[in-house]
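[1] Take a look and give me a structure for this.
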Amino acid sequence: MENKQDKIKMGIGFVTGRSNVCTIINSYYKNILEQIKKTKYNVEVTFFILYDTTYQGTKEEEFYKIKKDVFNEFKIIYISPEDRENENKKLTEEKILTNKEAELFFGNGHAKGRNTILYFALKKGMDYLLFWDDDEYPVACIKENDNIVWKKQDNVIKHIEEMEEKNADVTIGYHCGYISPIPYLNVSDDIEEENIQDFIEAISNELVSYKSIKEKFEKDRGVTYADKTLASGKCDFEITGENKFVAGSTLCLNLKHLDKIPAFYNPPQARGEDTFFSMNLTNSKVIKVPVYHFHDGFLKYKCIMKEDYPKEFKLIKASDKTIEKRFFKACQGWIKYKPLLLYLLNRDNYDYEIRKVKVKLKRSIRRIDYLFDDSNFKRLTDDLEEYSSKVKEHYNDFIKVNEIWKEIKDNKEKIRSL
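    Predicted structure coming up:
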């Protein structure tokens with residue numbers, strides 16, 4: 001093996017409200033060590049854990065249940081609410097940001113959490129930052145005839161190698177498993193396929209469509225299987241075009257190319273942080289890396305972390321109460337960012353496009369709501385009206401967040417000394 005080169009500082013970021021993050025790190029730290037040993041690069045890993053105790057009412061101490069062995073091998077930086085407040089205070093005292101700007105950029109939530117980790121990674125001098133969601137495992141499930149074959153993934157070094165060898169700005173991996181949080185909605189006397197199609201098309205985003213979801217349920221019970229060649233680490237390619245849509249996890253950023261790295265944004269309590277990040281990648285080199293994460297979208301397969309691999313997958317049904325709650329949250333997050341997505345994609349025809357969404361949602365929502373006992377799906381129509389009425393305000397915030405990020409990047413040396 002070649003001599004190790006200069007040290008590469010690799011950050012791995014978790015934005016989390018679930019203690020499951022500790023199980024992931026405890027389960028896979030040895031796998032990361034093995035990856036580092038077999039690469040030619042000299043890699044130092046730092047975990048950044050931004051936790052939110054309000055998301056599911058998780059107690060703070062639950063986020064600190066990481067094995068001592070992990071601390072012996074890696075650096076771990078926790079980012080608490082107090083840490084964020086202290087950093088905000090420093091930035092405002094130094095007149096780098098105003099209080100209002102700091103509130104828009106930092107905090108809990110999907111986009112603000114990623115921005116906060118991005119900031120701390122920049123401050124700590126990371127070369128690369130890999131975002132890893134707390135419901136994903138670095139393994140690939142491959143379908144061979146009627147069997148499922150499982151293959152471990154080099155989910156850290158693959159990104160480093162692509163960054164170093166292809167001079168990428170952003171790298172993104174693949175997902176298998178339950179990619180979408182949409183459960184099986186059965187056509188019956190209570191609901192017709194047209195109702196389901198209207199609803200999915202109303203809430204769907206650039207990565208989800210009714211056709212793709214229907215095909216997955218009909219063919220593989222809603223599961224996406226990994227491509228055998230890709231899971232073997234072969235066949236990378238560059239994503240081209242104006243909109244280079246990426247997902248928020250297995251997403252690696254080159255912090256040595258800060259001018260090519262935008263900030264994250266989503267409207268309040270919405271999703272779409274990865275989508276709006278993607279909107280600013282037009283001039284960035286984005287490489288699709290042949291490596292997988294298994295997305296345990298309904299948290300039904302935590303056994304995978306113990307290498308207890310299922311031999312078959314369940315059909316996730318909407319009648320499951322825990323599924324209902326998760327699905328409703330996802331729908332709310334999607335419907336709240338749909339107006340801004342449409343506004344950015346087709347501003348000239350926004351009124352026409354949003355009207356189509358409203359019609360489809362109104363046409364289907366009563367039937368959809370009838371399927372669920374504990375969640376008020378009819379509320380989604382009010383959410384859509386509210387967020388469509390505020391679309392220009394959210395657009396201005398989207399622009400402002402990236403202006404704030406530029407101010408931070410321009411002051412990075414000063415920030416590192418604070």
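[2] ok, and the helix or strand in the protein with the lowest average confidence?
    Of all the helices and strands that make up the chain, helix 210-220 has the lowest average by mean pLDDT, DSSP states H and E, namely a mean of 86.
[3] Looking at Gly233 now. What's its pLDDT?
    Gly233 is assigned 93 on the pLDDT scale.
[4] Measure how buried it is and give me the count.
    Gly233 has 17 neighbouring residues, counting by other CB atoms under 10 Å. Backbone N, C-alpha and C define where each C-beta goes, glycine included.
[5] Lys329 too?
    The number of residues near Lys329, taken as other CB under 10 Å, comes to 14.
[6] Toward the C-terminus from whichever strand or helix holds it, list the very next helix or strand.
    Using DSSP states H and E, Lys329 maps to helix 321-345. Once the chain leaves helix 321-345, the next helix or strand it forms, by DSSP H and E, is helix 350-370.
[7] Can you give me the buried ones in stretch 291-303?
    Val291, Tyr292, His293, Phe294, His295, Asp296, Gly297, Phe298, Lys300, Tyr301 (16 or more other CB atoms under 10 Å).
[8] One more: stretch 185-195?
    Under 16+ other CB under 10 Å, the buried positions of stretch 185-195 are Leu185, Ile191, Asn195.
[9] hang on, the earlier thing: which other helices and strands does the helix holding Lys329 contact?
    In terms of contacts (3 or more CB pairs under 8 Å, 6 or more residues apart in numbering; DSSP states H and E), helix 321-345 is packed against helix 193-203, helix 273-278, helix 350-370, helix 379-389, helix 391-410.
[10] gap between it and the chain center?
    14 Å (CA atoms, centre = their mean, to the nearest Å).
[11] Rounded mean pLDDT for it, please.
    Per-residue scores along helix 321-345 average to 93.
[12] any idea of the angle it forms with helix 391-410?
    Comparing the axes of helix 321-345 and helix 391-410 via axes from the mean of the first three to the mean of the last three CA atoms, to 10 degrees yields an angle of 90 degrees.
[13] all strands of the stretch 51-200 of the chain, in order?
    Using DSSP state E, counting those that start in this stretch, the strands found in the stretch 51-200 of the chain span residues 75-79, 128-131, 136-137, 139-144, 147-152, 170-178.
[14] Not counting its own residues, what contacts the first one?
    Strand 75-79 is contacted by residues 44-51, 63-64, 66, 70, 116-117, 120, 124 when judged by CB atoms under 8 Å, 6 or more residues apart in numbering.
[15] Inside strands: which ones of the buried residues of stretch 291-303?
    Judged by DSSP state E, the subset of those located in strands is Val291, Tyr292, His293, Phe294, His295, Asp296.
[16] Could I get the residues you listed in TSV, plus columns for distance to Lys358 and pLDDT?
    Output for these, formatted as TSV (distance: CB to CB, whole Å; pLDDT from 0 to 100):
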residue	distance to Lys358	pLDDT
Val291	40	97
Tyr292	37	98
His293	35	98
Phe294	36	98
His295	30	97
Asp296	33	95
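[17] wait, which of those is closest to Leu380?
    Distance to Leu380 across those (CB to CB) is lowest for His295, with 23.6 Å.
[18] Can you pull the phi/psi pair for Ala234?
    In this structure residue 234 is Lys, not Ala. Phi and psi for Lys234, reported as degrees, to the nearest 10, are phi -120, psi 160.
[19] pretty sure Ala270 is in a strand, no?
    No: assigned with DSSP: H, G, I helix; E, B strand; the rest coil, Ala270 falls outside any strand and is coil.
[20] Report the contact partners of it.
    Ala270 makes contacts with Gly333, Trp334, Lys336, Tyr337, Leu340, Tyr387, as judged by CB under 8 Å, 6+ apart.
[21] Equivalent analysis for Leu281, please.
    Counting by CB under 8 Å, 6+ apart, Leu281 makes contact with Asp169, Val170, Lys244, Val246, Pro262.
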